[in-house]
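Chemist: with the input below, show me the fold.
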Amino acid sequence: MGCCAGEKKEGDEKWGESRTYDQQFRGIAKNRSCTDVLCCIFLFLYIAAYLIVAIFAWINGNPLILFYPTDSQGRICGVRYNDLDLSNKTSLIYFDISKCSAAVASLKFQCPTTQVCVPDCPTTYWSYVEEEVKLSVSPGLSRADKADIVDWSKFICNYGYNPLEAYRDDNVELQTMMLEEKCVPYYVPSEAVAGRCIPMISEGAGLINSSTNAAIQNAAKMNITSTNLLEGVTPIKYFLEARSIANKIFADLTVVWVWILLLMCVAALISFIWIVVMRWIAGPMVWITLLTLIAVTSVGIYISYLQWTTLKDVPETEQDRISNQFKSGLSAYFTMQQLWLALMIICSIIDFILIVTVIFLRERIAIAIGIIRQSSKAIDAMISTLFYPLVSFVLILIVVGFWAMTALFLASTGDPIYKYSDNRVITNTSVAAAAQNLTGEKCNVVEFQNDTSLSSQPGLMCEFIEYGGESVFHQNVFWLQVVELFGMLWFMNWVLALGQMTLAGAFCSWYWAFKKPRDVPMFALYQSFGRALRFHTGTLAFGSFIIAVVQLIRIMLEYIDHKLKNKQNKVAKFIMTCLKCCFWCLESFLKFINRNAYIMTAMYGKNFCWSAKEAFQLLMRNILRVVILDKMVDIILFIGKLVVVAIMGVLSWALFAGFLNFPIPTLNYYWMPIVITVVASYVIASGFFNTFGMAADTIFLCFLEDLERNDGSPEKPYFMARKLLKTLGKKNAIQERPT
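Modeler: Now for the predicted structure:
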């Protein structure tokens, strides 16, 4: 087989001894026992703890508070309570929304102003000052007669507060009501956005009541401008715009969802056909790709050389002038001599590697192509393996959905927590010195409302902040969220590992069948699934636990990076970037080790550590073959995904843009169904081609085992297919062999 492919093993003794013939070996171990039992026990204990946290969250949580507005008392708008019926009051109004521009307001839609639930948002301009003007023009009337002049129907006040009685019977002035935030001092035409009344005004618009020609003023009788209000609603303005777009997109999807489903079926069909015909097109595709890359890099070398020699003749001062133009745009870089020299060197290195690979490793490339063809045959013989990813997809949906719901319930556990907001202005110096600022102190909203000595003080409010509690669970909600997040990562990786081991077992059954497909078990996929669950749940838990730990660390690094984004210096940013890169590499390496460990476990029925060690040593003894096969499979999968996505992108564009003669209604955003179709096609293609990738990896490991264990003699015949034997220059001494 040339200088790089003889009988000599590629490995070294440090990577373990090569396999020897074992008369008892039949490819798939029949006598198995449970592996990694301690990990299995730990998994079930964690599931129990996970469920305990979930039950606590479901009992104490109420996700409605995260989606629906809550008033200053922590009551949810639109909900009936024992002492207060808010079922017909589904919108929230802010007494003075201009205060919502505070930083804390941007985080939780909470403003340092009283909020109450109302049936509908106001649609007109109004200010209490208008009512005071009416009273000022009638000075001789009694208080009861003055009360009849005021239009009390325009007042929006706290629950149970009657402004008419307060004015007429308790001699409370209108401005006092507003300063004590008993009633809304003004409002403008608004619209319910996420259940909150948001002013619908344009920037620069004058806030004047057209019927009275009076300016809109707040409780302190200061004019309210559009700028005040727009600053207050800035955190919500973008949500309004996004909601408008989302509504139009949703309307589009309601009329084209059937077409999207049909296109997804077409994507699945194309992916299936691509895998089936892989046995015929794999060879030409790989060689054409390699030769095309050589041609492209060679052209790159030529163009880089021409540009470099051209710029080489430019005077030094001119070069400096051209190089200094980099600030004007990216195109200026292409006038730099050093850039073209660097490109020429890079293209030369890549070109050299490709040429050496094609010349000296061509027979290993041929072996990789043979493995790819056998993978296509294996999938064709067991079509059910293509649909197994649907099982993994459903299980992952259950895991992620359960976690998401639990996280929502956990985030909404507890009782309403109220704290003082103290903005009192005390003019008496001695009183101000003795007064304590109560901001941030906990308060009881009922006691506050009943204590007139507190509630009557302008600027002092008892505000709802969040939901929480004093129990151990409530005090550690953040860590419980971490526990739930890690559980989701662990269980999701366990589901993926189960799929890998199940497919590996099925493809092992196919490879180690001496006569294919006669000797392949009838329900190979089902049997493999049963073996993985019955004997190797602990092994799956071990491997998935390692991946989940690394993923949790990566999430924590991203969280820390986000929190310290504006506080990091260059050294800290460099360290954080290095850490994220290192853990990404570690996760990729561990996934590679796990994948091959599951194949060995499916084959031999051993524990995770033994399987990982044996798989790693086997691969290292054949490292060149591993690299070549890995790259060839990557090329095949990349081209396959590219073809599927490109075809579906063009087809969906032609369909939804109206180029095909189909009854597609006019859409607001015709590009959104195209984007959804393309993304869905990529997901579908990934599911199909991931199965193909697992087939290639499994058959390759079995192929290496076959080479080390057998020699083609009647006692030790090869199990590989005839074309692979021909590629290796080997043959079986017996006549009956795999086709």
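Chemist: how far away is Ala166 from Met492?
Modeler: From Ala166 across to Met492, the span is 59 Å (C-beta to C-beta, to the nearest Å). Every residue, glycine included, has its C-beta placed from N, CA and C.
Chemist: chain neighbours aside, what residue packs nearest to Leu586?
Modeler: Residue nearest to Leu586 in three dimensions, not counting chain neighbours: Val550, with 5.7 Å by C-beta to C-beta, 6 or more residues apart in numbering.
Chemist: same question, Ser384
Modeler: Leu525 (5.1 Å).
Chemist: I'd guess that neighbour is in a strand, am I close?
Modeler: No. Counting by DSSP: H, G, I helix; E, B strand; the rest coil, Leu525 is not part of a strand but helix.
Chemist: wait, what's in contact with it?
Modeler: By C-beta atoms under 8 Å, 6 or more residues apart in numbering, the residues touching Leu525 are Met382, Ser384, Thr385, Tyr388, Thr502, Leu503, Ala506.
Chemist: so which bits of the host helix or strand of the fourth one are buried?
Modeler: Just to be clear, that refers to Tyr388. Using DSSP states H and E, Tyr388 sits within helix 384-411. Residues of helix 384-411 classed as buried by neighbour count (16 or more other C-beta atoms under 10 Å): 385-386, 388-389, 392, 395-396, 399, 402-403, 406-411.
Chemist: just name the closest of those to Lys146, please.
Modeler: Nearest to Lys146 among the buried residues of helix 384-411 is Ala411, at 50.0 Å by C-beta to C-beta.
Chemist: you'd agree the closest one is up against Gln481?
Modeler: Yes. Here Ala411 lies in contact with Gln481, judged by C-beta atoms under 8 Å, at a distance of 7.4 Å.
Chemist: run through the neighbouring helices and strands of the host helix or strand of Cys581.
Modeler: Using DSSP H and E, Cys581 maps to helix 570-604. Using 3 or more C-beta pairs under 8 Å, 6 or more residues apart in numbering; DSSP states H and E, the elements in contact with helix 570-604 are helix 477-511, helix 524-535, helix 537-563, helix 608-620, helix 671-709.
Chemist: and of the ones you listed, who's closest to Pro189?
Modeler: helix 671-709 (31.0 Å).
Chemist: would you say Ser304 is within a helix?
Modeler: Yes. Membership of Ser304 in a helix is supported by three-state DSSP.
Chemist: chain neighbours aside, what residue packs nearest to it?
Modeler: Nearest to Ser304 is Met344, by C-beta to C-beta, 6+ apart, at 3.6 Å.
Chemist: what of Val633?
Modeler: Leaving out its chain neighbours, the residue that sits closest to Val633 by C-beta to C-beta, 6+ apart is Ala696, at 5.0 Å.
Chemist: neighbours around that neighbour, how many?
Modeler: Each residue near Ala696 was counted by other C-beta atoms under 10 Å, and the total is 27.
Chemist: and it, how far is that from Lys606?
Modeler: From Ala696 to Lys606 the distance is 23 Å (C-beta to C-beta).
Chemist: quick one on the thing from earlier: how close does the residue nearest to Val633 sit to Ser392?
Modeler: 18 Å.
Chemist: got it, and Asp71?
Modeler: Asp71 sits 45 Å away from Ser392, going by C-beta to C-beta.
Chemist: right, and Leu489 touches Arg554 too?
Modeler: No. Between Leu489 and Arg554 there is no contact under C-beta under 8 Å: 10.0 Å.
Chemist: ok, the two, which is more surrounded?
Modeler: Leu489 (21 against 17).
Chemist: residues contacting Lys730?
Modeler: The neighbours of Lys730, taking C-beta under 8 Å, 6+ apart as the test, are Gly712, Tyr718.
Chemist: relative to Ser375, how far out is it?
Modeler: For Lys730, the distance to Ser375 - C-beta to C-beta - is 20 Å.
Chemist: TSV for the helices and strands packed on helix 570-604, including distance to Phe272 and mean pLDDT?
Modeler: Putting the helices and strands packed on helix 570-604 into TSV (distance: least, C-beta to C-beta, whole Å; pLDDT from 0 to 100) gives the following:
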stretch	distance to Phe272	mean pLDDT
helix 477-511	16	92
helix 524-535	16	91
helix 537-563	28	92
helix 608-620	29	91
helix 671-709	7	87
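Chemist: so what's Glu181 up against?
Modeler: By C-beta under 8 Å, 6+ apart, Glu181 lies in contact with Phe95, Thr113, Thr114, Asn158, Ala219, Met461.
Chemist: let's verify it: helix, strand, or coil?
Modeler: Secondary structure, three-state DSSP: Glu181 is coil.
Chemist: got the phi and psi for it?
Modeler: With angles defined as degrees, to the nearest 10, Glu181 sits at phi 60, psi 40.
Chemist: and for the one 3 residues further on?
Modeler: When quoted as degrees, to the nearest 10, the phi and psi of Val184 stand at phi -80, psi 120.
Chemist: let's number from 17 now, not from 1
Modeler: Fine by me, first position is 17 from now on; the one you just mentioned is Val200.
Chemist: isn't it up against Asn174?
Modeler: No. In this structure Val200 lies outside contact range of Asn174 using C-beta under 8 Å: 9.7 Å.
Chemist: who's more crowded, these two?
Modeler: In terms of neighbours (other C-beta under 10 Å), Val200 is the more surrounded of Val200 and Asn174; the figures are 27 against 20.
Chemist: ok, which stretches of this protein are strands?
Modeler: With strands called from DSSP state E, the chain shows them at 107-110, 131-134, 142-143, 202-203, 206-209, 212-215, 224-225, 230-231, 431-438, 476-484.
Chemist: thought Gly703 was touching Pro405?
Modeler: Yes. Using C-beta under 8 Å as the test, Gly703 is close enough to Pro405 to be in contact (3.9 Å).
Chemist: pLDDT wise, what is Ala618 at?
Modeler: Here the pLDDT value assigned to Ala618 is 92.
Chemist: tell me the contacts of it?
Modeler: Counting by C-beta under 8 Å, 6+ apart, Ala618 touches Ile44, Met517, Ala520, Gly521, Cys524, Ser544, Arg547, Ala548, His552, Thr714.
Chemist: run the last query once more with 10 Å
Modeler: 44-45, 516-525, 544, 547-548, 552, 555, 627, 714, 717 (C-beta atoms under 10 Å, 6 or more residues apart in numbering).
Chemist: now swap in Ser152 and tell me
Modeler: Lys162.
Chemist: okay, the angle between the lengthiest helix in the chain and helix 687-725?
Modeler: Longest helix in the chain by number of residues (criterion: DSSP state H): helix 250-292. Counting by axes from the mean of the first three to the mean of the last three C-alpha atoms, to 10 degrees, helix 250-292 lies at 50 degrees to helix 687-725.
Chemist: who are the packing partners of helix 250-292?
Modeler: Contact partners of helix 250-292 among helices and strands, from 3 or more C-beta pairs under 10 Å, 6 or more residues apart in numbering; DSSP states H and E: helix 121-124, strand 206-209, strand 212-215, helix 378-397, helix 400-427, helix 639-672, helix 687-725.
Chemist: export these to a markdown table and tack on distance to Val587?
Modeler: A markdown table is the format used below for these (distance: least, C-beta to C-beta, whole Å):
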| stretch | distance to Val587 |
| --- | --- |
| helix 121-124 | 30 |
| strand 206-209 | 43 |
| strand 212-215 | 43 |
| helix 378-397 | 44 |
| helix 400-427 | 35 |
| helix 639-672 | 36 |
| helix 687-725 | 39 |
